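1. how does the following fold in three dimensions:
(one chain, ligands or ions: 4)
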Amino acid sequence: NNQFCEGGIAYGESSCGASIPSSSNKLLIKGGTVVNAHHQQVADVYVENGIIVNVQPNIVVEDDVYVIDATGKFVMPGGIDPHTHLQNEIGSMGIETVDDFFSGQAAALAGGTTMHIDFIMPIDGNLTAGFEAYENKAKKSCMDYGFHVAITKWDEDVSRDMEILVKEKGINSFKFFMAYKGIVMVNDELLLQGFKKCKSLGALAMVHAENGDAVHAGQQKMIEFGITGPEGHPLSRPALLEGEATSRAIRLANFVNTPLYVVHVMSIDAMEEIAKARKSGQRVIGEPIVSGLALDDSWLWHPDFKTAAKYVMSPPIRSKGHDKALRAALATGLLQLVGTDHCAWNSTQKALGIDDFRQIPNGVNGIEERMHLVWDTMVESGQISVTDYVRVTSTECARIFNIYPRKGAILPGSDADIIILNPNSSFVITAKSHHSRSDTNVYEGRKGKGKIEVTIAGGRVVWENNELKVVPGAGKYIQMDPFSYLFDGLDKKDVIYLNSLQAPVKRAKSTT
Ligand code: URP
Ligand code: ZN
Ligand code: ZN
Ligand code: ZN
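-> Ligands and ions are numbered 1, 2, ... in the order given. Sure thing, here's the model as predicted:
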């Protein structure tokens, strides 16, 4: 029996609050404004066995159907978070993030996110071992998930495993760390080899863009200056180092002629490199994350260590002004989709760095807060439309990772991953009421307009009346095929390039 109740979360088929009915395989969402990235209309949405069957006004159904009234509310595709780290280990420090595939996903569902793509870390550089470890971690999943795989070394085994993962295991993206020197950082030679392999497989290359050698030097400089507190973290790795690595990765991807995805764009410096490349016609995707859009670095100077340490992540949260520029870039399409980089630690773990900021585990929460904060900061402020909200929180991610329109849309045939947002209600964020296992929240006390009142995942009502009803094991692994739209026509560019090369110059043999 897998039915029990813990901290307001009902695990299993029955509801401890008695407000959510036991799972009905037929569902009708009536009278809401149904929003897709390309269109919105007042309509009903009819769901059967986890799949959207019909979207049109005034659908008539039998009485065995569970009906939800969405009049005056927005009915939208569930959020897809392209960037999370659940049960992520920092091997060198012997610690793991506090949210696993169950608690992290429960938090996600309470915040309107119905799928995430997590990063598989290889084990001693071995991709297959890493994949198997994450397959196991994800068995308790209560929502759908996919994986990216990090590449931390290069040899024939890695190259072969990349191919197996793409062709047999549903992986279509690989991440390269240009920072974390001595741990997972790769050099330019490896970037070139990795990008080339990605291109041949139709897999998307992703980069964590910071100059790791310079970061290392910057950290040593801070320690020499006697700056050991959390403020040493942003001081040691300024935005220019993010700009440099972003520009280098973009140029190397251009040299190889493969698309590039820059994860956690935190600064104007990085954003402008992406904008410039896109303007020149290069296929580069930029992913801002909620902490970069909604916070600034002033917290890192807070006199209380516990408070300041919460905000340590890499690349660092930047000074006031970067946040506003990133929001504008997202609003105008220079950046394409929003992630979280959810990588939650508790304050005991963060305290490992009490005497040395280099030992503070990097990462902030966000998986539960993303949908509300993007709504409040972007839609409520008038910066983006409701259709654009759907695009940047769900649809664009589904397109980039080649799972659209199964995900990212409210269309007949799509998975029934749906949220209902009430624009006239409001939300408050606190560690006391959030569903992450962390004892802190970087958005503590934050209030805003718009509240996700209902989350439906795979046709199941999992969040209603402020109560979660999730089933461990109900989440499915979503295999993602290679050669997304970002690869369309790339080979034509290669042919044009080859044709443009001059024939070898014939020179007479020297006689002297
Ligand atoms: O500080 C962060 N971002 N921690 C997670 C690992 C990464 O770099 O994405
Ligand atoms: Zn309960
Ligand atoms: Zn990263
Ligand atoms: Zn990350």
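
2. what does the stretch 201-350 of the chain have sitting close to ligand 1?
-> By Cβ under 6 Å from any ligand atom, the residues of the stretch 201-350 of the chain that approach ligand 1 are His208, Met313, Ser314, Asp341, Cys343. C-beta: built from backbone N, CA, C; applies to glycine.

3. all helices for the stretch 151-300 of the chain, in order.
-> All helices of the stretch 151-300 of the chain, identified by DSSP state H, counting those that start in this stretch, fall at 156-168, 188-201, 212-224, 232-236, 239-256, 268-279, 290-294.

4. tell me if I'm right that Gly146 and Met115 touch.
-> Yes: between Gly146 and Met115 there is a contact at 7.2 Å, judged by Cβ atoms under 8 Å.

5. could the helices of the stretch 151-300 of the chain go into a markdown table alongside distance to Lys469 and mean pLDDT?
-> Output for the helices of the stretch 151-300 of the chain, formatted as a markdown table (distance: least, Cβ to Cβ, whole Å; pLDDT from 0 to 100):
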| stretch | distance to Lys469 | mean pLDDT |
| --- | --- | --- |
| helix 156-168 | 34 | 98 |
| helix 188-201 | 40 | 98 |
| helix 212-224 | 44 | 98 |
| helix 232-236 | 39 | 98 |
| helix 239-256 | 41 | 98 |
| helix 268-279 | 40 | 98 |
| helix 290-294 | 26 | 98 |
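
6. quick one: closest of those helices to Phe401.
-> With Cβ to Cβ as the criterion, Phe401 lies closest to helix 156-168 of the helices of the stretch 151-300 of the chain, at 12.6 Å.

7. nearest residue to Tyr389 in space, please, no chain neighbours.
-> In this structure, Tyr389 finds its nearest non-sequential neighbour in Val379, 5.1 Å apart by Cβ to Cβ, 6 or more residues apart in numbering.

8. ugh, typo on my part, it should be Ala70
-> Gly32 (2.9 Å).

9. which residues sit in contact with the one you found?
-> Neighbouring residues of Gly32 by Cβ atoms under 8 Å, 6 or more residues apart in numbering: Val42, Ala43, Val45, Ala70, Thr71, Gly72, Lys73, Phe74, Val75, Ile420.

10. now swap in Leu240 and tell me
-> By Cβ under 8 Å, 6+ apart, the neighbours of Leu240 are Asp269.

11. could you measure it against Ser247, distance?
-> According to Cβ to Cβ, to the nearest Å, Leu240 stands 10 Å off from Ser247.

12. also Asp488?
-> Distance from Asp488 to Ser247, by Cβ to Cβ: 25 Å.

13. which of these two has more residues huddled nearby?
-> With neighbours defined as other Cβ atoms under 10 Å, Asp488 and Ser247 compare such that Ser247 has more, 18 against 10.

14. mind listing what the more buried one touches?
-> Glu273.

15. any idea how far it lies from Phe195?
-> Distance from Ser247 to Phe195, by Cβ to Cβ: 15 Å.

16. how about the residue in the stretch 301-450 of the chain that ligand 2 sits nearest to: what's its closest non-neighbour residue?
-> At 11.8 Å from ligand 2, His435 is the closest residue in the stretch 301-450 of the chain, using Cβ to the ion. In space, and not counting its chain neighbours, His435 is closest to Ala107: 3.9 Å by Cβ to Cβ, 6+ apart.

17. wait, doesn't the one you found sit right on Ile367?
-> Yes: in this structure, Ala107 is within contact of Ile367 by Cβ under 8 Å, at 5.4 Å.

18. shared neighbours of these two, anything?
-> Shared contacts of Ala107 and Ile367, defined by Cβ under 8 Å, 6+ apart, are found at Asp99, Ser436.

19. which one's more surrounded, these two?
-> Under the criterion of other Cβ under 10 Å, the comparison of Ala107 against Ile367 puts Ile367 first, with 34 against 26.

20. in three-state terms, label the more buried one for me.
-> coil (DSSP: H, G, I helix; E, B strand; the rest coil).

21. for it, give me the pLDDT.
-> pLDDT for Ile367: 98.

22. can you count the residues close to the closest residue to it other than its chain neighbours?
-> Sequence neighbours aside, His342 is the residue nearest to Ile367 in space, at 3.8 Å (criterion: Cβ to Cβ, 6+ apart). Close neighbours of His342, defined as other Cβ under 10 Å, add up to 32.

23. kindly report the same for His216.
-> 18.

24. nearest residue to it in space, please, no chain neighbours.
-> Lys181 (4.6 Å).

25. hmm, back to that, show me what the residue nearest to Ala70 bridges to in the sheet.
-> Ala43 (DSSP bridges).

26. any idea of the pLDDT on it?
-> For Gly32, pLDDT reads 98.

27. quick check: it vs ligand 1, distance?
-> 35 Å (Cβ to the nearest ligand atom, to the nearest Å).

28. and for Val45?
-> For Val45 relative to ligand 1 (Cβ to the nearest ligand atom), the value is 35 Å.

29. and what of Pro361?
-> 8 Å.

30. just confirm that residue is within a strand.
-> No: looking at Pro361 with three-state DSSP, it is coil, so not inside a strand.

31. what's the closest non-adjacent residue to it?
-> The nearest residue in space to Pro361 (Cβ to Cβ, 6+ apart) is Trp345, at 4.7 Å.

32. equivalent analysis for Leu190, please.
-> Trp154 (4.7 Å).

33. now the phi/psi pair for the one you found, please.
-> The phi/psi pair for Trp154 (degrees, to the nearest 10) reads phi -130, psi 130.

34. my read: it touches Asp188, true?
-> No: counting by Cβ under 8 Å, Trp154 does not reach Asp188; the two are 11.7 Å apart.

35. which element follows the helix or strand where Thr114 lies toward the C-terminus?
-> Element membership for Thr114, per DSSP states H and E: strand 113-120. Sequence-wise, the next helix or strand downstream of strand 113-120 (DSSP H and E) is helix 127-137.

36. next, the buried residues of that following helix.
-> The neighbour-count check on helix 127-137 (16 or more other Cβ atoms under 10 Å) flags Leu127, Thr128, Gly130, Phe131, Ala133, Tyr134, Lys137 as buried.

37. grab the nearest non-local neighbour of the fourth one.
-> Among residues not flanking Phe131 along the chain, Ile120 sits closest, at 5.8 Å (Cβ to Cβ, 6+ apart).

38. hang on, the earlier thing: which one among the contacts of Gly32 gets closest to ligand 2?
-> Ile420 (20.2 Å).

39. poorly predicted segments of the protein, please.
-> Residue ranges of the chain with pLDDT under 70: 1-24, 512.

40. domain boundaries for it, per the record?
-> 4-77+416-470, 79-393 (automatic domain parsing).

41. out of those domains, deepest packed?
-> Mean neighbour count (mean count of other Cβ atoms under 10 Å) peaks for domain 79-393 among the domains of the chain, with a mean of 21.

42. and it, is it in reach of ligand 2?
-> No: using Cβ under 5 Å from the ion, domain 79-393 stays clear of ligand 2, coming no nearer than 12.0 Å.

43. from start to finish, how long is that domain in a straight line?
-> From its first residue to its last, domain 79-393 covers 5 Å (Cα to Cα, to the nearest Å).

44. shift numbering so it begins at 23
-> Shifting the count to begin at 23 puts that one at domain 101-415.

45. so how far is it from its chain's centroid?
-> Centre-to-centre, domain 101-415 and its host chain are 8 Å apart (Cα atoms, centre = their mean, to the nearest Å).

46. which strand or helix spans Lys473?
-> Counting by DSSP H and E, Lys473 is part of strand 469-479.
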